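# Please work out how this folds:
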Amino acid sequence: MEVVIISGLSGAGKSEVLNIMEDMGYFAMDNLPPELLTKFMELSTASPIEKVACVVDIRSREFFNEYDSSIKRLKSMGIDVKILYVTASEKAIINRYKERRRPHPLDKSITEGIKKEKKLLEFLEKASDFKLDTSNMKLSNLRYEVKRLFQGEGVDFLVSVVSFGFKNGILLDGDLVFDVRFIENPFYIEELKNISGENQEVIDFVMGFEETREFIDKTVDLLRFLIPNYKKEGKNILVVGFGCTGGFHRSVAISNEVAKRLEEIGYKTNITHRDKP
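The predicted model follows:
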């Protein structure tokens with residue numbers, strides 16, 4: 001039997017990971033107390049259950065007091081135990097708590113709660129088999145990463161194409177980042193100013209320049225060369241960013257066109273427009 005213990009920072013996405021693993025065929029349990037976890041495994045040895053995923057967080061404080069003995073007990077039963085530590089940047093966690101309007105479980109101050117939790121979970125992060133940083137992940141990217149970790153070579157290569165605006169900060173998790181501000185800005189065309197790069201009028205404007213078409217051709221050629229080489233080195237996901245000033249016109253149109261070209265030649269893509277409302 002395989003058991004994946006999911007732990008990590010509150011607000012980092014443990015519940016989302018558990019849901020993904022349930023979709024992958026794991027028997028999912030959220031915050032089961034440790035003594036019941038070991039008891040459940042004892043009862044399950046004669047059952048057809050082969051894969052279990054369980055979230056353990058700071059609400060199960062007794063688990064951390066009994067961590068070593070709990071893991072040793074599971075392993076002594078012949079169970080393959082893996083620990084997945086889910087984390088995210090402080091900024092990402094704060095934003096998620098503010099969006100959901102929920103308090104941090106350890107402190108009224110979200111920042112102080114994060115600090116306390118990091119200290120509490122430091123030993124578990126070090127002991128983890130896998131670490132997953134969800135700071136800049138959309139759900140589709142998270143799903144892909146979880147499948148990559150636990151299904152291995154069965155997962156296809158994914159090209160994640162992201163548009164963004166430099167005025168809102170560079171794309172921090174981009175493997176390749178292209179600056180497309182060399183193309184004339186539709187923002188200064190009155191009838192195009194308030195419509196995005198997904199609108200056909202803006203697309204026609206952006207794609208109307210020879211340098212745009214040449215840039216896309218050369219970028220796709222570069223990616224066709226790079227992707228097989230990244231795959232040879234064991235990489236399963238490539239994040240390609242296209243940035244313009246605001247992330248609303250040029251980068252959106254170009255990201256969509258590049259993703260479309262890659263799909264046409266057989267690559268799986270995921271598109272995210274980071275700064276488009």
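# what about the protein, any weak spots by pLDDT?
By pLDDT under 70, the weakly predicted segments of the chain are 34-35, 45-46, 57-68, 152-155.
# so which helix or strand takes in S163?
Using DSSP states H and E, S163 falls within strand 158-165.
# residue ranges for the strands of the stretch 1-150 of the chain, please.
Across the stretch 1-150 of the chain, reading from the start of the chain, the strands by DSSP state E, counting those that start in this stretch fall at 2-8, 27-30, 51-55, 80-87, 130-133.
# before we move on, the earlier item: now do the helix or strand that the strand holding S163 is followed by: distance to the chain's middle.
Beyond strand 158-165 on the C-terminal side, the first helix or strand identified by DSSP H and E is strand 176-179. Centre-to-centre, strand 176-179 and its host chain are 19 Å apart (CA atoms, centre = their mean, to the nearest Å).
# Stretch 267-274 now?
Distance, centroid of stretch 267-274 to centroid of chain: 12 Å (CA atoms, centre = their mean).
# In a markdown table, list the strands of the stretch 1-150 of the chain along with mean neighbour count.
Glycine gets a C-beta too; all of them are placed from N, C-alpha and C. Conversion of those to a markdown table gives the following (neighbours: other CB atoms under 10 Å):
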| stretch | mean neighbour count |
| --- | --- |
| strand 2-8 | 24 |
| strand 27-30 | 18 |
| strand 51-55 | 22 |
| strand 80-87 | 20 |
| strand 130-133 | 17 |
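# Would you reformat those strands as CSV and include distance to D175?
Written out in CSV, the entries for these read as follows (distance: least, CB to CB, whole Å):
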stretch, distance to D175
strand 2-8, 24
strand 27-30, 31
strand 51-55, 29
strand 80-87, 20
strand 130-133, 14
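# Which of those sits closest to K98?
Ranking the strands of the stretch 1-150 of the chain by their distance to K98 (criterion: CB to CB) puts strand 80-87 first, at 18.5 Å.
# mind exporting that closest one as CSV, just the C-alpha atoms?
In CSV, the C-alpha atoms belonging to strand 80-87 read as follows (Å, rounded to 0.1, in the frame of the first residue of the first chain):
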residue,chain,number,x,y,z
ASP,A,80,5.3,2.8,1.3
VAL,A,81,5.0,6.2,3.1
LYS,A,82,5.8,9.5,1.3
ILE,A,83,5.6,13.0,2.6
LEU,A,84,4.5,15.9,0.3
TYR,A,85,5.2,19.3,1.8
VAL,A,86,3.1,22.1,0.2
THR,A,87,4.4,25.6,0.5
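# ok now that strand, how far from the chain's centre?
Its chain's C-alpha centre lies 16 Å from the corresponding centre of strand 80-87 when counted by CA atoms, centre = their mean.
# swap in stretch 246-253?
Counting by CA atoms, centre = their mean, stretch 246-253 is centred 22 Å from the centre of its parent chain.
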